[in-house]
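J.: take a look and give me a structure for this.
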Amino acid sequence: MNDVTLDPSRCPLCGQSNRCSQADPALEGQPCWCFSTRIDRNALERIPPELVDRACLCPRCATGLAPQDEDGENA
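T.: Model (predicted):
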């Protein structure tokens with residue numbers, strides 16, 4: 001992924017919506033789901049170095065669950 005394709009609303013691990021209230025102008029001022037969730041250390045270590053602090057993980061990846069595809073199946 002490079003600067004042109006980076007989407008701060010997408011998880012850098014699975015590409016699904018990260019549901020980040022900080023990246024979504026429609027949710028401005030609302031606390032993000034991650035403020036009250038324990039983030040899995042292994043998930044943080046899997047983020048490519050060039051994407052660290054550039055886009056948030058989605059709830060599934062952040063908690064160490066397998067990512068899901070668009071049909072809700074585990075990828």
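J.: quick one: buried residues of the longest helix along the chain?
T.: When the chain is parsed with DSSP state H, its longest helix is helix 41-46. Neighbour counts over helix 41-46 (16 or more other Cβ atoms under 10 Å) mark residue 43 as buried. (C-beta placed from N, C-alpha, C; glycine too.)
J.: where along the chain do the helices fall?
T.: Secondary structure of the chain (DSSP H): helices at 41-46, 59-62.
J.: who wins for proximity to residue 14 among those helices?
T.: Minimum separation from residue 14 across the helices of the chain (Cβ to Cβ) falls at helix 59-62, 5.6 Å.
J.: pLDDT of that closest one, averaged?
T.: Helix 59-62 comes out with an average pLDDT of 95.
J.: and that helix, how far out from the chain's middle?
T.: Mean-position distance between helix 59-62 and its chain equals 7 Å (Cα atoms, centre = their mean, to the nearest Å).
J.: hang on, residue 24 packs against residue 10?
T.: No: checked against Cβ atoms under 8 Å, the pair residue 24 and residue 10 is beyond contact range at 11.5 Å.
J.: returning to what we had before: for residue 34, find the nearest of the helices of the chain.
T.: Using Cβ to Cβ, these put helix 59-62 closest to residue 34, at 6.4 Å.
J.: mind listing what the residue positioned nearest the centre of the chain touches?
T.: Centroid-nearest residue in the chain: residue 57, 1.9 Å away (criterion: Cα atoms, centre = their mean). Going by Cβ atoms under 8 Å, 6 or more residues apart in numbering, residue 57 touches 11, 12, 13, 18, 34, 39, 43, 44, 47.
J.: need the contact list for the fourth one.
T.: Residues in contact with residue 18 (Cβ under 8 Å, 6+ apart) are 9, 10, 11, 55, 56, 57, 58, 59.
J.: okay, the longest helix of the chain in PDB with CA atoms only?
T.: The C-alpha atoms that make up helix 41-46 are tabulated as PDB, following Å, rounded to 0.1, in the frame of the first residue of the first chain:
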ATOM      1  CA  ARG A  41      -0.300  -7.300  20.800                       C
ATOM      2  CA  ASN A  42       0.100  -9.800  18.000                       C
ATOM      3  CA  ALA A  43      -2.200  -7.800  15.800                       C
ATOM      4  CA  LEU A  44      -0.200  -4.600  16.400                       C
ATOM      5  CA  GLU A  45       3.000  -6.500  15.500                       C
ATOM      6  CA  ARG A  46       1.500  -7.700  12.200                       C
END
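J.: kind regards, and thank you for your time.
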